[in-house]
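J.: Give me coordinates for this.
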Amino acid sequence: MKNVLFVAPTTYPIPLTENIEKKFKYLSEVCNLYIFAFAEKKIEFTSGATKLFLYKKVKNRILNYFKIFLLSTFTLPSVIRKNNIEIISYQDPVSSFFSILVLRLRKINTKIIIETHGDFIETLSLEKNLLFPKLYKKVFLSMARYTLDKADKLRAVSSSTEAQVREINSTKEITRFPAWVDFENYKDIKPVRESNKEFKILFIGSVTDRKKPHLIVEAINRIKSKDIKLYVVGPTPNENYLSQLKETVKKYDLEEQVVFTGSVDRKSVMEHYAETNLMILPSVSEGLARVIFESQVSACPVLVTDAPGMGDIVIDGQTGYVFESNNLESLTNKIDEIKNNYEEAIHIGKNAKDFILSNYSADNFKFSFKKLFDTV
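T.: Down below sits the predicted model:
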């Protein structure tokens, strides 16, 4: 098997979660796996057959970019040489820039795969409080052009992420398959949603303008039904957006109907899926969100936008529901339609579960990577 190093700005929990360990186990069956990423503290250790090199994450964005530059320049080449790394897989075209630049300048002979899991140009400006968003976009686009040009092969997780890459570089070969999702626990969730006294709506993801949970709040205000309850679950990287969202909730007198939980553990997420009548993801930009897979596998009906990529697994009226992106009237009408015809929604939720389990699996994920490594 080939020695493969995955490099990402990801911050891993210590100890590793069961889900992460399971992902590494599958990947270790098709390569000698190494991980170069971040954690709350610097640590090197082996988990199963996986060797991890984790470095302390710096919370300040500018300082963290500088740390990535230093690690890419001095530390990463040493890890590559000592472990005879043959393939490096990067998580996105932007964060990989310094590393790939150093490798090519030093003429370090490794194959390079660049993965793209979402919109790597717009996401930062929609999720963070940036002083000069237009400048960031321009710089990120230049970095992506360079890295995509230097890559040996590309991997996209959805049709939308593939399309974005093709706009920047139309010559590279792209392999497409979804990100890792462990279906085993989610497929065994016992639903209790049909016994709900309230109609429970779940938003799960980063609470940001890119994900647009405020549209759900606006729709609930229009529907004027006191038996609807919205749970907003996930991290809050943009405090300005969160503050505005809470002001909207207060303005419409919906404090009793909208609950902010912040980030929760996996067990709590699974409980939400079991209880939820409808999971809504109103994103204007999305790769192929893991929460859609998780919801569908737990037979929870989903409502998503018609943004590119969503249609890879959500077929309106068959495996979920779709509304027009950024259209409040379209969203409101769909929620009303689903709520008033919930027997049909239950049936569509079960269809979605069968569809995902029939077409996606951990083995598919493993063998897709094997084929990618074998052909790079």
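
J.: Tell me where the stretch 51-200 of the chain has strands.
T.: Along the stretch 51-200 of the chain, counting by DSSP state E, counting those that start in this stretch, strands occupy 87-90, 111-116, 153-156, 174-176, 199-204.

J.: helices and strands around the last one, which ones?
T.: Under the contact criterion of 3 or more CB pairs under 8 Å, 6 or more residues apart in numbering; DSSP states H and E, strand 199-204 touches helix 214-223, strand 228-233, helix 266-275, strand 278-281. Glycine gets a C-beta too; all of them are placed from N, C-alpha and C.

J.: can you redo the strands of the stretch 51-200 of the chain as JSON lines with distance to Leu27 and mean pLDDT?
T.: Listed next are the strands of the stretch 51-200 of the chain as JSON lines, based on distance: least, CB to CB, whole Å; pLDDT from 0 to 100:
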{"stretch": "strand 87-90", "distance to Leu27": "10", "mean pLDDT": "97"}
{"stretch": "strand 111-116", "distance to Leu27": "13", "mean pLDDT": "96"}
{"stretch": "strand 153-156", "distance to Leu27": "13", "mean pLDDT": "96"}
{"stretch": "strand 174-176", "distance to Leu27": "15", "mean pLDDT": "94"}
{"stretch": "strand 199-204", "distance to Leu27": "26", "mean pLDDT": "97"}
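
J.: Please parse this protein into its domains.
T.: Here the domain parsing of the chain from automatic domain parsing is 3-181+362-375, 183-359.

J.: Make CSV from those domains and add mean neighbour count to it.
T.: Formatted as CSV, the domains of the chain follow (neighbours: other CB atoms under 10 Å):
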stretch, mean neighbour count
domain 3-181+362-375, 17
domain 183-359, 18
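
J.: Quick check: chain neighbours aside, which residue is closest to the residue nearest in space to the middle of the chain?
T.: Nearest to the mean C-alpha position of the chain, by CA atoms, centre = their mean, lies Ala289 at 4.9 Å. The spatially closest residue to Ala289, leaving aside those adjacent along the chain, is Leu281, at 6.0 Å (CB to CB, 6 or more residues apart in numbering).

J.: Report the contact partners of that neighbour.
T.: Taking CB atoms under 8 Å, 6 or more residues apart in numbering, we find Leu281 in contact with 203-205, 211, 289, 291-292, 302-305, 310.

J.: ok so, going back, and of the helices and strands packed on strand 199-204, who's closest to Glu21?
T.: Closest of those to Glu21 is helix 266-275, at 12.8 Å (criterion: CB to CB).

J.: So which elements touch the closest one?
T.: With contacts taken as 3+ CB pairs under 8 Å, 6+ apart, helix 266-275 sits against helix 183-186, strand 199-204, strand 228-233, helix 290-297.

J.: which stretch among these comes nearest Phe140?
T.: Relative to Phe140, the nearest member of the helices and strands packed on helix 266-275 by CB to CB is helix 290-297, separated by 23.2 Å.

J.: And the closest one, what does it pack against?
T.: The elements that helix 290-297 packs onto, with contact taken as 3+ CB pairs under 8 Å, 6+ apart, are helix 183-186, helix 266-275, strand 278-281, strand 302-305, helix 342-359.

J.: follow-up on the earlier one: Lys59: which of the helices and strands packed on strand 199-204 is closest?
T.: Across those, Lys59 has its closest neighbour in strand 228-233 (22.7 Å, CB to CB).

J.: Pull up the gap between the residue nearest to Val322 when sequence neighbours are not counted and Leu331, please.
T.: Residue nearest to Val322 in three dimensions, not counting chain neighbours: Asp316, with 4.1 Å by CB to CB, 6+ apart. Taking CB to CB, to the nearest Å as the measure, Asp316 falls 13 Å from Leu331.

J.: and if you look at Ser325?
T.: As for Ser325, its distance to Leu331 is 9 Å (criterion: CB to CB).

J.: Touching both of the two, which residues are there?
T.: Residues touching both Ser325 and Leu331 (CB under 8 Å, 6+ apart): Pro282.

J.: which secondary element of the protein has the worst mean pLDDT?
T.: helix 123-127 (a mean of 55; mean pLDDT, DSSP states H and E).

J.: that older thread, the helices and strands packed on helix 290-297 into CSV, with extra columns for distance to Phe53?
T.: Below are the helices and strands packed on helix 290-297 laid out as CSV (distance: least, CB to CB, whole Å):
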stretch, distance to Phe53
helix 183-186, 28
helix 266-275, 25
strand 278-281, 34
strand 302-305, 37
helix 342-359, 34
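
J.: Including mean pLDDT and distance to Arg61, could those go into TSV?
T.: Formatted as TSV, the helices and strands packed on helix 290-297 follow (pLDDT from 0 to 100; distance: least, CB to CB, whole Å):
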stretch	mean pLDDT	distance to Arg61
helix 183-186	82	33
helix 266-275	93	27
strand 278-281	97	26
strand 302-305	96	28
helix 342-359	94	36
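
J.: among the ones you listed, which is nearest Arg145?
T.: Nearest to Arg145, of all those, is strand 302-305, at 28.1 Å by CB to CB.

J.: partners of that closest one in the sheet?
T.: In its sheet, strand 302-305 lies beside strand 278-281 (parallel), strand 321-323 (parallel), with partners assigned from DSSP bridges.

J.: and the angle from the very next helix or strand once past the shortest one to helix 342-359?
T.: Which is strand 321-323. Going down the chain from strand 321-323, the next helix or strand is helix 328-340, by DSSP states H and E. Relative orientation of helix 328-340 versus helix 342-359 (axes from the mean of the first three to the mean of the last three CA atoms, to 10 degrees): 100 degrees.

J.: Use 12 as the first number for this chain going forward.
T.: From this message on, residue numbering opens at 12, which makes the last subject helix 339-351.

J.: That'll do, ta.
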